[in-house]
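Q: Pasted the sequence and its predicted model underneath.
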Amino acid sequence: MCGRFVARYSPEVMRRLFPELEGNPYATLKERWNAAPTQSLGIIRPVAAAANATTAPSDLSHPVPLELVEATWGLIPSWSKEENPKPGPINARCETVATNGLFRVPFRSRRCIVPASGFYEWQERMLAPKRPLYITRADDEPLLMAGLYEPHRGRDSFTIVTVAAGDSTRDIHDRTPAVLEPGDEARAWLNPATQPETLAGLFHPVRDGLLQWHPVSTRVNNPRNEGPELIQRTEE
């Protein structure tokens, strides 16, 4: 699963990975070293006109225009009648996103990417007592986590899709975020016209060697704590 991550938004890196990004929203996004549920964080999604073009043929050679916007972590269904509902699920299991009543519609037409520098996982299989680890890509590229978003009364919310852990991460936790590779995988996920069978093929365990991790301070347990020291290796 994914319950906490690091959200740092470099315009240069985002433009390199997603040249289709429009506008200049980076000044409004707050850098987070301990991003937690209910917070407002950045997601990448198709702009409104492209998101509505669900009947167009999927052509990954012509990527749709994208935008980086803020959304609350914790999916709130668009059909909720509550004026100020509490944020809902922070994760969605890939096995049921196509059939679950809460995720079915956003899976079809409101997919997004949640960019992260890395994420935290608390595990007790390798370390005792239970300790947090900071997990990143071994090549230092950003993690592009598959997500779903929903609009509700003028505000957007999102959830992160998870997959079964692969051999290299199973000892840490039995679920990991659905990590998309830059390029074709990311474009297929964001393209509103991509067919369900193609989307299902993106739900694979993280390949061996992609991720690296190290133990970090238990200060990350408190979402009020922030700062780059949270991701530093510790032997406490």
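A: Great, that's in hand. Residues are numbered from 1 along each chain as shown.
Q: just the helices in this structure please.
A: With DSSP state H as the criterion, the chain has helices at 11-17, 48-51, 104-109, 184-190, 196-200.
Q: Quick one: closest of those to Tyr120.
A: Among these, helix 11-17 comes nearest to Tyr120, with 20.6 Å by C-beta to C-beta. C-beta here means a position set from N, CA and C on the backbone, and glycine is covered the same way.
Q: and the closest one, average pLDDT?
A: For helix 11-17, the mean per-residue pLDDT is 86.
Q: and it, how far from the chain's centre?
A: What separates the centre of helix 11-17 from the centre of its chain is 17 Å, taken as C-alpha atoms, centre = their mean, to the nearest Å.
Q: do stretch 207-225 as well
A: 16 Å.
Q: Report the buried residues of it.
A: Leu210, Leu211, Trp213, Pro215, Val216, Ser217, Arg219, Val220 (16 or more other C-beta atoms under 10 Å).
Q: And stretch 130-146, by the same measure?
A: Quick answer for stretch 130-146 (16+ other C-beta under 10 Å): Arg131, Pro132, Leu133, Tyr134, Ile135, Thr136, Arg137, Pro142, Leu143, Leu144, Met145, Ala146.
Q: from these, which is closest to Ile231?
A: Of all these, the one sitting nearest Ile231 is Tyr134; the distance, using C-beta to C-beta, is 4.9 Å.
Q: Can you read off the pLDDT for the closest one?
A: At Tyr134, the pLDDT recorded in the model is 96.
Q: same deal with Asn221?
A: For Asn221, the predicted pLDDT is 92.
Q: wait, what's in contact with it?
A: Trp122, Pro132 (C-beta atoms under 8 Å, 6 or more residues apart in numbering).
Q: Check Thr38 too.
A: Thr72, Trp73, Gly74, Pro87.
Q: just for this protein, where's the confidence low?
A: Where the chain drops to pLDDT under 70, the residues are 1, 24-28, 49-63, 124-129, 236.
Q: which stretches of it form strands?
A: Here the chain has its strands, by DSSP state E, at 5-7, 32-35, 40-46, 66-73, 91-93, 111-116, 118-123, 131-137, 143-152, 155-164, 175-177, 179-180, 211-215.
Q: Nearest to Gly227, out of these?
A: Among the strands of the chain, strand 32-35 comes nearest to Gly227, with 5.5 Å by C-beta to C-beta.
Q: Let's have the buried residues of stretch 130-146 in CSV, adding distance to Gln123.
A: Listed next are these as CSV, based on distance: C-beta to C-beta, whole Å:
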residue, distance to Gln123
Arg131, 7
Pro132, 8
Leu133, 6
Tyr134, 12
Ile135, 10
Thr136, 16
Arg137, 19
Pro142, 23
Leu143, 18
Leu144, 23
Met145, 19
Ala146, 22
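Q: Stretch 103-121: how far from the chain's middle?
A: 4 Å.
Q: again, but for stretch 185-195
A: With C-alpha atoms, centre = their mean, you get 15 Å for stretch 185-195.
Q: start the count at 38, not 1, going forward
A: Okay, residue one is now 38; in that scheme the one you just asked about reads as stretch 222-232.
Q: Name the residues of it that come out as buried.
A: The neighbour-count check on stretch 222-232 (16+ other C-beta under 10 Å) flags Glu222, Ala223, Arg224, Ala225, Trp226, Leu227, Asn228, Pro229, Ala230, Thr231 as buried.
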